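> The sequence and its predicted three-dimensional model are supplied below.
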Amino acid sequence: MAELELHDVINVESYTLSDDPGHVSIRIIDKGESSSILKDIPAEKNLITIAVTQYLSLIKKGGEFTFGIIKNIPSGAGLGGGSSNAATALKMVSELFWREIDNHVTEAALYTGSDVPFFLKGGFAFVEGKGEHVSPIEIHNNSHILLVNNGIHINTGSAYNSLNVGAATCRPPKTDSIDKKTKITEQITTASLWKDIFRNDFESVIFNQYPQIGLIKDKMYKNGAVFAMMSGSGSSVFGVFNDENSAKYCKKTLEMQGDRVYYTKFRQKIN
């Protein structure tokens, strides 16, 4: 998994802390002019609410929290927007209680979603098992990234069901995968090599259901991408470019064809 510079903005607008674990209230409000996080997902089903409620239960605390969000990452796009917000909210609430990022935080993160533990660390990382095994990679990749998301919402659960892959097939990391990880780590700084080492099992399923998403990947390659792939279970497609001019030329071309395009880069983790 790789963290991008494209991000939402989340703040704690107001809060009160309580020693009563039965006293929990969480509000989420849209702050940006184009934000619509509550349009399709009520506050009680938002990943922020699920994560913070679980965390408070684990530490046997309560409180009232109002989170304000400026939404920049498309929802239901396979980009981890909701998961990264949940991870950020967990870090914020733990700090309010003067607690470290401990096992309670990571347990609440995993309870919320398989990719939430990754966002507690960010950067580049191998993520295995059900998301509980996160192995950071200390590398630098300065590629330019285009994301195309035309508003098609993919239900992750339905995607997994179509793929016929679920928790029962997940396995913990194997010791014989160490050499493979080392090789991938060495190659990951050169995006032109990614075709040989990465694949997305969801593509065959999603492209069959939504051929227009597969066409976006083809257009990325035709317009200068050295690597392109669907992100997660979709529906976003990302293209990797070696230089900014190539990325901006492709962005302009795709936008003229009616695609909704975002420019970003990999976020370099600062320790």
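Ah, there it is. Numbering: from 1, shown residues only.
> longest helix in the chain, by residue count?
Longest helix in the chain by number of residues (criterion: DSSP state H): helix 81-96.
> Alpha carbons of the next helix or strand after that helix, as CSV, please.
On the C-terminal side of helix 81-96, the nearest following helix or strand under DSSP states H and E is helix 103-112. Below are the C-alpha coordinates for helix 103-112, written out as CSV (Å, rounded to 0.1, in the frame of the first residue of the first chain):
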residue,chain,number,x,y,z
ASN,A,103,-2.7,-1.7,21.2
HIS,A,104,-6.1,-0.2,21.9
VAL,A,105,-5.7,2.2,18.9
THR,A,106,-4.5,-0.6,16.6
GLU,A,107,-7.3,-2.9,17.7
ALA,A,108,-9.9,-0.3,17.1
ALA,A,109,-8.4,0.4,13.7
LEU,A,110,-8.5,-3.2,12.6
TYR,A,111,-12.1,-3.5,14.0
THR,A,112,-13.0,-0.6,11.7
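> Next, the buried residues of helix 103-112.
Neighbour-count burial for helix 103-112 flags His104, Val105, Thr106, Ala108, Ala109, Leu110, Thr112 (criterion: 16 or more other C-beta atoms under 10 Å). In this view, the C-beta of every residue, glycine as well, is placed from N, C-alpha and C.
> likewise stretch 261-271?
Val261, Tyr262, Tyr263, Thr264, Phe266, Lys269.
> Just put these in a markdown table and tack on distance to Thr16.
Output for the buried residues of stretch 261-271, formatted as a markdown table (distance: C-beta to C-beta, whole Å):
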| residue | distance to Thr16 |
| --- | --- |
| Val261 | 42 |
| Tyr262 | 37 |
| Tyr263 | 40 |
| Thr264 | 36 |
| Phe266 | 38 |
| Lys269 | 33 |
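> Now tabulate the residues you listed in JSON lines and tack on secondary structure, distance to His144 and pLDDT.
Below are the buried residues of stretch 261-271 laid out as JSON lines (DSSP: H, G, I helix; E, B strand; the rest coil; distance: C-beta to C-beta, whole Å; pLDDT from 0 to 100):
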{"residue": "Val261", "secondary structure": "strand", "distance to His144": "12", "pLDDT": "95"}
{"residue": "Tyr262", "secondary structure": "strand", "distance to His144": "12", "pLDDT": "95"}
{"residue": "Tyr263", "secondary structure": "strand", "distance to His144": "7", "pLDDT": "96"}
{"residue": "Thr264", "secondary structure": "strand", "distance to His144": "8", "pLDDT": "96"}
{"residue": "Phe266", "secondary structure": "strand", "distance to His144": "9", "pLDDT": "92"}
{"residue": "Lys269", "secondary structure": "coil", "distance to His144": "18", "pLDDT": "70"}
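> Closest one of those residues to Gly81?
Closest approach to Gly81 among the buried residues of stretch 261-271 (C-beta to C-beta): Tyr262, at 11.6 Å.
> for the helix or strand where Gly63 lies, packing partners?
Per DSSP H and E, Gly63 falls inside strand 62-70. Secondary structure elements in contact with strand 62-70, counted by 3 or more C-beta pairs under 8 Å, 6 or more residues apart in numbering; DSSP states H and E, are strand 9-18, strand 24-30, helix 47-59, helix 81-96.
> out of those, nearest to His140?
Here helix 81-96 is closest among the helices and strands packed on strand 62-70 (C-beta to C-beta), at 21.0 Å.
> The closest one to strand 24-30, inter-axis angle?
Between helix 81-96 and strand 24-30, the angle comes out at 130 degrees (axes from the mean of the first three to the mean of the last three C-alpha atoms, to 10 degrees).
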